[in-house]
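The following comprises the amino acid sequence and a computationally predicted model.
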Protein chains: 2
Amino acid sequence: MKTEVLISTPSEKSYFQPLSTYAQLNWLEELNEDQLDRILPSVEAIFAFTWPKGLDAKALSKMGKLRFIQCELAGVNSIPFRELGESVMVSSNAGAYSQEVAEYAWGLLLAASKRIVRYDAALRAPDFVRPPAPELGKQVILLKGKTLGVVGYGGIGRTVAAIGKSFGMRICAFSRRTTNDDVELLQGKSGLEKLLRSSDACVLALPLSKLTRDMIGAKELAVMKANGIIVNIARAEIVNESALYDHLVKNPDFVYATDVWWTEDGKESFSPRLPFLKLDNFLGSPHTSGPSALATGEPVRHAVDNLLRFLKHETPQNVVNRSEYV
Amino acid sequence: MKTEVLISTPSEKSYFQPLSTYAQLNWLEELNEDQLDRILPSVEAIFAFTWPKGLDAKALSKMGKLRFIQCELAGVNSIPFRELGESVMVSSNAGAYSQEVAEYAWGLLLAASKRIVRYDAALRAPDFVRPPAPELGKQVILLKGKTLGVVGYGGIGRTVAAIGKSFGMRICAFSRRTTNDDVELLQGKSGLEKLLRSSDACVLALPLSKLTRDMIGAKELAVMKANGIIVNIARAEIVNESALYDHLVKNPDFVYATDVWWTEDGKESFSPRLPFLKLDNFLGSPHTSGPSALATGEPVRHAVDNLLRFLKHETPQNVVNRSEYV
């Protein structure tokens, strides 16, 4: 008998074809309430882009057979861990976005260090006067010989670091795991502080969990260089919104460049509560890095492959540690 | 007897200290007309940032002993070759700006391919609505596996190419010289066409000379991909202004990202004759790459070292081929 799988995704159905030998595929958005109610008790696996509203606590309580959830996004922070039985495995889609998100992180990092967004805007103003060359020259941050802090050394972090080496940067990596790469590995609270203190630019590339929420607050920002750079392509909530706003206002040479935004009512909001978008040292893109990877079809293939592992009774990859999320 | 050297530079005097054993240093900006007139006949070498207005044809005609000109800039296009005796050697300062200018080129390339300038501006508008993720994803150009055309494979071009490799790009290099690097070397008119045709992004990194002025015109632009990118960190005049403007208007997905601007009355103008700054697919910075290198002091040291070679009767490096400029 085939395993019942419930799928909620914006991706095309054809990507899921490899599963059909092992699974009965049910497309959540095509089911009416009755149909959904009827299959819930037999569903053993869920494939979800972000967690679907239809699968609330009540629906979950009816899913006695649920054993596995495969996320299409790299982060699992939308999963309602508290309402899931402890035996339900959840796999992230880590690694599927590494190249595209790392490229985007570099776009933000260079836009910040070379002031490209501000210069283009200044040139478009009718009253543009070029500052004297020596002044211009000092406004730009050179990367060669400088220190890049990579906070979270998974697929994205490692790709960000490898590109950093080609710029001649020294790499500090904050990671729970060890590595044989030629980077300075820093761990724990003191390791993070050392990384922030020594970095000229910092890329946040770690999942949002209980452990990482508000990881960068007033104290952490205070140890960074006055002309430091933070690039966030992970999740906004890793950085404390108010602390960051105060820091940017007080340190006009510090730049925060982000592709990710704080959530409001569970949804990422592109008009933040605090007026970040009025600041010259804030730089934003509308969560574009992930979609640029999705456009390749690679993330959905990667996630489908992992669900296939589960269906074939192999061990799925990227199973997250539930205790970090509840 | 010490060699008479005439110096015109915004750089600090201390950089020239190493020359004092061999040379009598004269600071052009400190001389009045009479003083200048008196030393012109004995000057054997000139050190110049850009060519000084004071040294016009009449002044040059009095410099019977002039044998060497060292430029502080990488490009020698401001030098009045027509008014110089054929025996006067001119050295560029090629190589002194490689790292900083290559970093800047990458800033422009990523800002273009990741649309970072446009997104930041869009987010700051009061009516911002995020496009659906699949649409957003398609607006971004991924670099891995794509082709980077490096036009001019000197110090800057090689550094640009090395960084391109770390992004997983295939490199085509247009160069007169051969190379052992792992790049596809393309030469001559047909080589340039092949490079432009196959490149997803193109970096112009070659000197402005008779041979390169208007090198990229309507015909060359026409063979490029509709969503192609040109990054110019060399000299604006390598690209034909009108042809580029027409191309950008007709091809809204094509991006021209430039740090260098067309000259008006011999001076780089940051408000171009054609309304490039009204276009969304034009991206500009106010000739910042060179100054960012100058801020390190490295270019002036590099140029002083080369002038020292001349003074010590060694062979100076970077002597340019006069016939390419007259």
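Looks like it came in fine.

Which residue is the nearest non-sequential neighbour of the residue sitting nearest the centre point of chain A?
In chain A, the residue lying closest to the centroid (C-alpha atoms, centre = their mean) is A:A234, at 2.7 Å. Nearest non-adjacent residue to A:A234, counting by C-beta to C-beta, 6 or more residues apart in numbering or on different chains: A:L204, 4.6 Å away. All C-beta spots, glycine's among them, are computed from the backbone N, C-alpha and C.

So that neighbour sits against A:I233, correct?
Yes - counting by C-beta atoms under 8 Å, A:L204 touches A:I233, with 7.1 Å between them.

Which neighbours do these two have in common?
With contacts defined as C-beta atoms under 8 Å, 6 or more residues apart in numbering or on different chains, no residue is shared by A:L204 and A:I233.

remind me which residues of the stretch 201-326 of chain A are low pLDDT?
For the stretch 201-326 of chain A, no stretch is flagged by pLDDT under 70.

residue boundaries of the helices in it?
Ranges of helices in the stretch 201-326 of chain A, per DSSP state H, counting those that start in this stretch, are A:218-222, A:241-250, A:289-294, A:298-311.

Go through those helices and name the closest to chain B.
Of all the helices of the stretch 201-326 of chain A, helix A:289-294 sits nearest to chain B, with 3.3 Å by C-beta to the nearest C-beta.

Just the residues contacting the closest one, thanks.
Outside helix A:289-294, the residues touching it (C-beta under 8 Å, 6+ apart) are A:11, A:73-74, A:96-97, A:99-101, A:103-105, A:233, A:259, A:299-300, B:114, B:133-134, B:136-137, B:140, B:142.

So which of those belong to helices?
Judged by DSSP state H, those include A:99-101, A:103-105, A:299-300, B:133-134, B:136-137 as members of helices.

Return the member of those nearest to A:E314.
A:V300 (19.2 Å; C-beta to C-beta).

That closest one contacts A:Y15, doesn't it?
Yes - using C-beta under 8 Å, A:V300 is in contact with A:Y15, at 4.6 Å.

In terms of neighbours, single out the busier of those two.
A:V300 (23 against 16; other C-beta atoms under 10 Å in any protein chain shown).

what's the pLDDT at A:E135?
At A:E135, the pLDDT value in this model is 93.

That should have said A:M1, apologies.
82.

picking that back up, now, which of the ones in helices among the contacts of helix A:289-294 sits nearest A:A243?
Closest to A:A243, out of all of the ones in helices among the contacts of helix A:289-294 and judged by C-beta to C-beta, is A:A105, at 21.6 Å.

tell me, how many neighbours does that closest one end up with?
30.

Please tell me I have it right and it contacts A:A201.
No - counting by C-beta under 8 Å, A:A105 stays clear of A:A201, with 10.0 Å between them.

what residues do the two have in common as contacts?
A:V231.

got any ranges where the stretch 1-150 of chain A has weak pLDDT?
For the stretch 1-150 of chain A (pLDDT under 70), the answer is none.

Tell me the residues of it that contact chain B?
Residues of the stretch 1-150 of chain A lying close to chain B (C-beta under 8 Å from any C-beta of the partner chain) are A:10, A:99-100, A:103-104, A:106-108, A:110-111, A:113-117, A:119-124, A:128, A:130-131, A:133-134, A:136-140, A:142-144.

filter those residues to the buried ones?
A:99-100, A:103-104, A:106-108, A:110-111, A:113-117, A:119-120, A:122-123, A:130, A:133, A:136-137, A:139-140, A:142-143 (16 or more other C-beta atoms under 10 Å in any protein chain shown).

Quick check, the residue nearest to the centre of chain A in contact with A:R213.
No - between A:A234 and A:R213 there is no contact under C-beta under 8 Å: 11.3 Å.

Flag every residue of the stretch 201-326 of chain A that's near chain B.
Residues of the stretch 201-326 of chain A lying near chain B (C-beta under 8 Å from any C-beta): A:270-271, A:277, A:283-288, A:290-296.

rerun that using 6 Å as the cut-off
A:270, A:277, A:283-286, A:288, A:291-292, A:294-295 (C-beta under 6 Å from any C-beta of the partner chain).

Spell out for me the ChimeraX command that would select the buried members of the residues you listed.
Here is the ChimeraX selection string for the buried members of those, based on 16+ other C-beta under 10 Å:
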select /A:270,277,283,284,285,286,288,291,292,294,295
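
Sort out for me which of the residues of the stretch 201-326 of chain A next to chain B are in strands.
A:283-284 (DSSP state E).

Switch the residues of the stretch 201-326 of chain A next to chain B over to TSV; also include distance to B:K250.
Converted to TSV, those look like this (distance: C-beta to C-beta, whole Å):
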residue	distance to B:K250
A:F270	32
A:L277	33
A:L283	30
A:G284	30
A:S285	27
A:P286	27
A:T288	26
A:P291	27
A:S292	26
A:L294	30
A:A295	25
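
tell me which of the residues of the stretch 201-326 of chain A next to chain B is nearest to B:S61?
Nearest member of these to B:S61, counting by C-beta to C-beta, is A:L283, at 53.4 Å.

I'd like the distance from that closest one to A:K189, if you could.
Using C-beta to C-beta, to the nearest Å, A:L283 is found at 28 Å from A:K189.

and if you look at A:K225?
20 Å.

Name the residue in these two with the higher neighbour count.
When neighbours are counted by other C-beta under 10 Å, A:K225 and A:K189 differ, and A:K225 comes out ahead with 19 against 9.

what about the residue lying closest to that one once chain neighbours are set aside, neighbour count?
Nearest residue to A:K225, sequence neighbours excluded (C-beta to C-beta, 6+ apart): A:D200, at 6.4 Å. Neighbour count for A:D200, taken as other C-beta under 10 Å: 20.

A:D200 touches A:G149, doesn't it?
No - with contact defined as C-beta atoms under 6 Å, A:D200 does not count as touching A:G149 (8.3 Å).

Tell me the spacing between the nearest residue to A:H302 once chain neighbours are set aside and A:L28.
Spatial nearest neighbour of A:H302, excluding adjacent residues (C-beta to C-beta, 6+ apart): A:A96 at 3.6 Å. Separation of A:A96 from A:L28 (C-beta to C-beta): 21 Å.

Neighbour count: the two, which is higher?
Per other C-beta under 10 Å, whichever of A:A96 and A:L28 has more neighbours is A:A96, with 27 against 19.

Touching, the more buried one and A:R301? I think so.
No - A:A96 lies out of contact with A:R301 (C-beta under 6 Å); the separation is 8.0 Å.

what do those two both touch?
Common contact partners of A:A96 and A:R301 (C-beta atoms under 6 Å, 6 or more residues apart in numbering or on different chains): none.

quick one: the strands in the stretch 51-200 of chain A?
A:68-71, A:89-91, A:147-151, A:170-174, A:184-186 (DSSP state E, counting those that start in this stretch).

what's the most buried one of these?
Most buried of the strands of the stretch 51-200 of chain A, by mean neighbour count (mean count of other C-beta atoms under 10 Å in any protein chain shown): strand A:147-151, with a mean of 27.

helices and strands around that strand, which ones?
Here strand A:147-151 touches helix A:155-166, strand A:170-174, strand A:201-204, going by 3 or more C-beta pairs under 6 Å, 6 or more residues apart in numbering or on different chains; DSSP states H and E.

mind running it again at 8 Å?
The contact analysis (3 or more C-beta pairs under 8 Å, 6 or more residues apart in numbering or on different chains; DSSP states H and E) places strand A:147-151 against helix A:155-166, strand A:170-174, helix A:188-198, strand A:201-204.

buried stuff in stretch A:244-261?
A:244-245, A:247-248, A:251, A:254-261.

For the residue nearest to A:G54 when sequence neighbours are not counted, give me its contacts.
With sequence-adjacent residues excluded and distances taken as C-beta to C-beta, 6+ apart, A:G54 is closest to A:L28, at 6.3 Å. Residues near A:L28 by C-beta under 8 Å, 6+ apart: A:6-8, A:36, A:52, A:54-55.

For A:L28, grab phi and psi.
phi -50, psi -50 (degrees, to the nearest 10).

likewise the one 3 residues further on?
Dihedral angles of A:L31 (phi, psi; degrees, to the nearest 10) stand at phi -90, psi 140.
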